[in-house]
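Visitor: only geometry, no sequence info:
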């Protein structure tokens, strides 16, 4: 890859510094945007960082401030709202700035878990049976073919927000109670899915022409005897103390036959393409005890911090972190050249 001018774009919890000076953070901070910046600088690229929160004028002015070959889009929110992540990609597209990761269209599709599942099913992929309980509905009408146990999630949140042990229910009373909780707490629709007992796998997918699956990562639940408690709750993903107390850890999946590895890879790539993902993504899978593969979610622009699941899987697949990040930027630059020719 030729040396490029890369703008690393990310959202901030508070107002970003007026001068957009992140030199200290690039030296030591443990966040994905700074890991990415360090990797690109280490490969000889010219890197500028742009943080934003809720000021659209500031964002567009920052994007236009200096010539850029590619925007490394790590934005997850606008105005603190993760449902607006697609609008940042849309701004980049309107400004004709090549950017990494999913398009605005791909981000919008992934935000709606039910719509994504319908697209995946249309493409012949196995998904859990589900229904949607709309915010404002006074009752929950469960169809007879949607059988317990069930798991209830917010329709348009990610990162396991709204998922706890109480999300798995075994009767209609508990179902109604949990749906009401989602409506009241998150002010959004709830998606109710068949609970698939089995292994929790995350299959990274990398590239475009063609995309390829990375080695699967598995969330292992220690000695938890109850299969219904083996779910990726918010605490199971993000609380170090909780994970340590329950013996939860992520690891490269083992004990998979060559045939099963190939089937997982094929299913993940098919889901990645069906969901309109590009450059990199993660497909969340439940592997049932009979080795049936259920696609649970297709995740655009998953967390890219050095040492985290996707980077780990990429390294296991032969791409060290700096080269992995550089290849993602290079794919976006190539896409920009094609669109301008």
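Guide: Alright, I've got the coordinates. On a predicted model such as this, the values are computed, not experimentally measured, just so you know.
Visitor: okay, now the unreliable bits of the stretch 51-200 of the chain?
Guide: For the stretch 51-200 of the chain, not a single residue meets the criterion pLDDT under 70.
Visitor: helices of that one, start to end?
Guide: 56-64, 85-94, 104-111, 113-122, 172-186 (DSSP state H, counting those that start in this stretch).
Visitor: same list (the ones you listed) but as TSV, adding distance to residue 165 and mean neighbour count.
Guide: Backbone N, C-alpha and C define where each C-beta goes, glycine included. Putting the helices of the stretch 51-200 of the chain into TSV (distance: least, CB to CB, whole Å; neighbours: other CB atoms under 10 Å) gives the following:
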stretch	distance to residue 165	mean neighbour count
helix 56-64	39	15
helix 85-94	28	20
helix 104-111	25	20
helix 113-122	20	18
helix 172-186	11	16
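Visitor: these into JSON lines, with extra columns for distance to residue 150?
Guide: Compiled in JSON lines, the helices of the stretch 51-200 of the chain are given as follows (distance: least, CB to CB, whole Å):
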{"stretch": "helix 56-64", "distance to residue 150": "40"}
{"stretch": "helix 85-94", "distance to residue 150": "28"}
{"stretch": "helix 104-111", "distance to residue 150": "22"}
{"stretch": "helix 113-122", "distance to residue 150": "14"}
{"stretch": "helix 172-186", "distance to residue 150": "6"}
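Visitor: among those, which comes closest to residue 270?
Guide: Shortest distance between residue 270 and the helices of the stretch 51-200 of the chain, using CB to CB, is found for helix 113-122: 8.4 Å.
Visitor: now do residue 233 against residue 152, distance only.
Guide: 12 Å (CB to CB, to the nearest Å).
Visitor: shared neighbours, those two?
Guide: Counting by CB atoms under 8 Å, 6 or more residues apart in numbering, the contacts common to residue 233 and residue 152 are residue 167.
Visitor: ranges for the strands of this structure?
Guide: Secondary structure of the chain by DSSP state E: the strands cover 5-11, 46-52, 70-73, 130-133, 150-154, 168-169, 190-194, 198-206, 212-213, 217-221, 248-252, 280-288, 293-300.
Visitor: residue 327 reaches residue 318, doesn't it?
Guide: No. Here residue 327 does not reach residue 318: they are 11.2 Å apart, not a contact under CB atoms under 8 Å.
Visitor: so which of these two has more stuff around it?
Guide: residue 327 (16 against 10; other CB atoms under 10 Å).
Visitor: what sits closest to that one if chain neighbours are left out?
Guide: residue 319 (6.9 Å; CB to CB, 6 or more residues apart in numbering).
Visitor: any idea how far the one you found is from residue 293?
Guide: Taken as CB to CB, the span from residue 319 to residue 293 is 24 Å.
Visitor: the two - which one has more neighbours?
Guide: Set residue 319 next to residue 293 and count neighbours by other CB under 10 Å: residue 293 wins out with 22 against 18.
Visitor: roughly how far does the closest residue to the more buried one other than its chain neighbours sit from residue 286?
Guide: Residue nearest to residue 293 in three dimensions, not counting chain neighbours: residue 267, with 4.9 Å by CB to CB, 6+ apart. For residue 267, the distance to residue 286 equals 12 Å [CB to CB].
Visitor: do residue 247 as well
Guide: Distance, residue 247 to residue 286, by CB to CB: 20 Å.
Visitor: which one of those two is surrounded by more residues?
Guide: Taking other CB under 10 Å, residue 247 and residue 286 do not tie; residue 286 has more neighbours (23 against 11).
Visitor: in space, what's closest to that one - neighbours in sequence excluded?
Guide: Per CB to CB, 6+ apart, closest to residue 286 is residue 196, 3.9 Å.
Visitor: one more: residue 107?
Guide: Nearest residue to residue 107, sequence neighbours excluded (CB to CB, 6+ apart): residue 86, at 3.8 Å.
Visitor: so what's residue 341 scoring on pLDDT?
Guide: As predicted, residue 341 sits at a pLDDT of 60.
Visitor: do the same with residue 17
Guide: Predicted confidence (pLDDT) at residue 17: the value is 88.
Visitor: list the contacts for it?
Guide: Per CB under 8 Å, 6+ apart, neighbours of residue 17: residue 51.
Visitor: before we move on, the earlier item: how close does the residue nearest to residue 327 get to residue 212?
Guide: Taking CB to CB as the measure, residue 319 falls 11 Å from residue 212.
Visitor: again, but for residue 172
Guide: 44 Å.
Visitor: hey, what's in contact with both of residue 319 and residue 212?
Guide: Counting by CB under 8 Å, 6+ apart, the contacts common to residue 319 and residue 212 are residue 206.
Visitor: of all the helices of the stretch 51-200 of the chain, which one is nearest residue 217?
Guide: helix 104-111 (19.0 Å).
Visitor: name the helices or strands packed onto that closest one?
Guide: If you count contacts as 3 or more CB pairs under 8 Å, 6 or more residues apart in numbering; DSSP states H and E, helix 104-111 packs onto helix 85-94, helix 113-122, strand 293-300.
Visitor: save these as JSON lines, and put in distance to residue 186 too.
Guide: Shown next, in JSON lines, are the helices and strands packed on helix 104-111 (distance: least, CB to CB, whole Å):
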{"stretch": "helix 85-94", "distance to residue 186": "16"}
{"stretch": "helix 113-122", "distance to residue 186": "13"}
{"stretch": "strand 293-300", "distance to residue 186": "17"}
